[in-house]
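In: sequence and predicted structure below; questions after.
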Amino acid sequence: MTHARVLTAAAIAATLLMSTMSAFAQANAPSMTPAERHDWERSHRLSKVIGSDVRNKTGDKIGDIRDLVVDDRGTIKLAIVSTGGFLGVGDRLHAVPWDALTLGPKDDHILDIDKAHLQATPGFTSKTWPNLGDDRWLADNRRYYVH
C-alpha cells in the first residue's frame, strides 16, 4: 500500500472513530437545557469564541477575538485580540494570555484592563506577527495583562 493510501485509510478510520465516539457521547450524555447548552458552546466551541467581543470590567468594548493560539497539546495559550480599525483595516493585534480573560455574561470575554493601558501594550499587525514561540517575548508580553 502506498504512503498516500495508508494516510487516507488512517484518516477515514479516525473520522469513523470520532463519529462513533461523538454519537456515543451524545447518546449517553445527560440532556442539557437550552441555557446550559448555550453556556457550554460559548466556552468550548472555538467558532463561538473567535469573533466574540472583549470588554473591560466596566463593560466598554475594547476589541474582539480574532484568533486563538494553542500549544502542542491543543491548550489555548493566547487570544489574538483586535483593537481599533474597521473591518480589519487599521487594526492593532494583541497577544493576550488566555488565562487573563474570563467569560462574560453576553457571549463576550472580560479583560481587566482599561483602554489607555491596552494602548501601551505591545501590538502588531496581521503582517508583522511576533515570534510566539519565543519564551522571552511571551514572558515580557504577559506582564502587561496578568497582574
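Out: Arrived safely, thanks for sending.
In: switch to C-alpha atoms for all contacts and neighbour counts from now on
Out: Fine.
In: please save the CA atoms from stretch 69-83 in CSV.
Out: Only the C-alpha atoms of stretch 69-83 are listed here, as CSV (Å, rounded to 0.1, in the frame of the first residue of the first chain):
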residue,chain,number,x,y,z
VAL,A,69,-3.0,30.3,19.6
VAL,A,70,-2.7,26.7,21.0
ASP,A,71,0.3,24.8,22.3
ASP,A,72,1.3,21.4,21.0
ARG,A,73,-1.2,19.7,23.4
GLY,A,74,-4.1,21.8,22.0
THR,A,75,-4.4,24.0,25.1
ILE,A,76,-5.4,27.6,24.3
LYS,A,77,-2.5,29.9,25.3
LEU,A,78,-3.2,33.2,23.7
ALA,A,79,-6.2,35.1,22.3
ILE,A,80,-5.3,37.4,19.5
VAL,A,81,-7.4,40.5,20.2
SER,A,82,-8.0,43.1,17.5
THR,A,83,-8.5,46.7,18.6
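In: list the contacts of stretch 101-119.
Out: Stretch 101-119 has contacts (CA atoms under 8 Å, 6 or more residues apart in numbering) with 42-43, 52-57, 62, 100, 145.
In: just for the protein, where's the confidence low?
Out: Low-confidence segments of the chain (pLDDT under 70): 1-30, 32, 34-44, 85-90.
In: what ranges does it have for its helices?
Out: In the chain, the segments counted as helices under DSSP state H are 3-28, 34-44, 46-49, 115-120, 135-142.
In: and the chain, what are its domain boundaries?
Out: 1-28, 51-142 (automatic domain parsing).
In: ok, the contacts of stretch 101-119 vs His94, which is closest?
Out: Nearest to His94 among the contacts of stretch 101-119: Tyr145, at 10.3 Å, using CA to CA.
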